[in-house]
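**Q** Sequence plus the predicted model coming up.
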Amino acid sequence: MTKEIYLSGGCYWGTQHLFSLVDGVRETEVGFANGHTDSPTYEEVYTDTTGFAETVRVRYNPSVVNLDFLLACFFRSIDPFSLNRQGGDAGTRYRTGIYYTSEADLPEIEAAFSRVEKRLGGRPVTECGPLQNFFPAHEAHQDYLRKNPGGYCHIPLKTFTYVRLLQDLRYLLGDETDPVARMANAASLIRERTGWFWVGFYRVDGEQLVLGPFQGTPACQRIGYGKGVCGTAWERGETIVVPDVEQFPGHIACSNASRSEIVVPLRDGNEVRAVLDIDSTDLGTFDLTDALWLEAVAGTVYSAKA
Ligand code: SME
């Protein structure tokens, strides 16, 4: 069985590349959706008067990947609050949208909107509606970033690293139930794929965090509740991005080489069980893109079974 969904995420080159990296996606095709002319050319759509949006048709095997995962990847690749503009591209042809061909998909689509709203605190301006029409773009636009490595891409390139990392992590961890084993392999895979200076976990132990599996230089073994970046992320129950560790009051320096940092809680319902801590030797390494993908990574590492 093959299912399909049509996704507009700004310039279709980057969006197609993203979905081509998702296991279970059988085929992607770029084109123009939901306009009011017939068989538009790229040049016509470019005038921004045809009503079309640059769109990717994603055909997938629902027994390998579900719509939920596809939409989570989609929302992590766009600015859901930006109307008719993504990255450097502006115009209604670059609006974001989710267009379905089966109404049965609506509950999952609505759930994806709700999750974004809950996480980011606002309703996405992303359009949602039935697909009205779709015309494939010229062959030169298909698989553009594969044919032109290093070509223009409005999606941060680390997105492509994360989408593979997240899927590979799922296979690697499988149904292992030991949390230390899961954290150990997760720290290794993240470090291997990104090269970041320090990647590791601190586990909640009473009133303190205690050092868990990590990759990198020796680190502080215990951190109090509310202390440092890690203890603060635990206290707040939310991800903390620190562009410059010297600007974070109470930051605990385990190594002078660390200049920026991100800490992501691993939670069991409302309870924080551990945190994922990543340090970089550069300033400003992490942003909202990292936060959203690493929250998915943290969710994979901490499974309720483990
Ligand atoms: N910088 C962290 C301490 C842990 S190390 O970065 C490995 C903090 O302030 O909590």
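**A** Okay, I see it. Residues are numbered from 1 along each chain as shown.
**Q** Give me the pLDDT value at residue 170.
**A** At residue 170, the model reports a pLDDT of 96.
**Q** which residue packs closest to it, ignoring adjacent ones?
**A** residue 300 (5.8 Å; Cβ to Cβ, 6 or more residues apart in numbering). (Each C-beta comes from the backbone N, C-alpha and C, glycine too.)
**Q** again, but for residue 22
**A** residue 65 (5.9 Å).
**Q** how about residue 295, what does it touch?
**A** Applying Cβ atoms under 8 Å, 6 or more residues apart in numbering to residue 295 gives the contacts 239, 264.
**Q** The residue nearest to residue 170 sits in which helix or strand?
**A** helix 288-301 (DSSP states H and E).
**Q** What ranges in the stretch 101-250 of the chain fall below the confidence cut-off?
**A** Within the stretch 101-250 of the chain, not a single segment meets pLDDT under 70.
**Q** Show me what residue of it gets nearest to the ligand.
**A** residue 228 (2.6 Å; Cβ to the nearest ligand atom).
**Q** That residue contacts residue 253, doesn't it?
**A** No. Residue 228 is beyond contact range of residue 253, at 9.1 Å (criterion: Cβ atoms under 8 Å).
**Q** which one of those two has more residues nearby?
**A** Legend: neighbour count by other Cβ atoms under 10 Å for residue 228 and residue 253, higher for residue 228 (24 against 12).
**Q** What distance do you get for the more buried one to residue 88?
**A** Residue 228 is 37 Å from residue 88, where distance means Cβ to Cβ, to the nearest Å.
**Q** ok, now residue 63?
**A** For residue 63 relative to residue 88 (Cβ to Cβ), the value is 38 Å.
**Q** For the stretch 151-300 of the chain, what lies in contact range of the ligand?
**A** By Cβ under 6 Å from any ligand atom, the residues of the stretch 151-300 of the chain that approach the ligand are 198, 219-220, 223, 228-230, 251-252, 254, 258, 261, 277, 279.
**Q** mind running it again at 8 Å?
**A** 198, 200, 202, 214, 216, 219-220, 223, 227-233, 245, 248, 250-255, 258, 261, 263, 277, 279 (Cβ under 8 Å from any ligand atom).
**Q** Among those, name the ones in helices.
**A** By the criterion of DSSP state H, membership of these in helices covers 228, 229, 230, 231, 232, 233.
**Q** Out of those, which comes closest to residue 35?
**A** Comparing those against residue 35 with Cβ to Cβ places residue 233 closest, at 45.2 Å.
**Q** Excluding sequence neighbours, find me the nearest residue to that closest one.
**A** Closest to residue 233 by Cβ to Cβ, 6+ apart is residue 263, at 4.0 Å.
**Q** Contacts only, for the one you found.
**A** 229, 230, 232, 233, 239, 240, 242, 275, 276, 277, 278.
**Q** repeat for residue 86
**A** Taking Cβ under 8 Å, 6+ apart, one finds 9, 10, 11, 78, 79, 94, 96, 154 in contact with residue 86.
**Q** can you check residue 24 too?
**A** 60, 61, 62, 63, 64, 65.
**Q** which of those come close to the ligand?
**A** Answer for the contacts of residue 24 near the ligand: none qualify (Cβ under 8 Å from any ligand atom).
**Q** Filter these down to the ones in strands?
**A** residue 60 (DSSP state E).
**Q** So which of the contacts of residue 24 wins on neighbours?
**A** residue 60 (24 neighbours).
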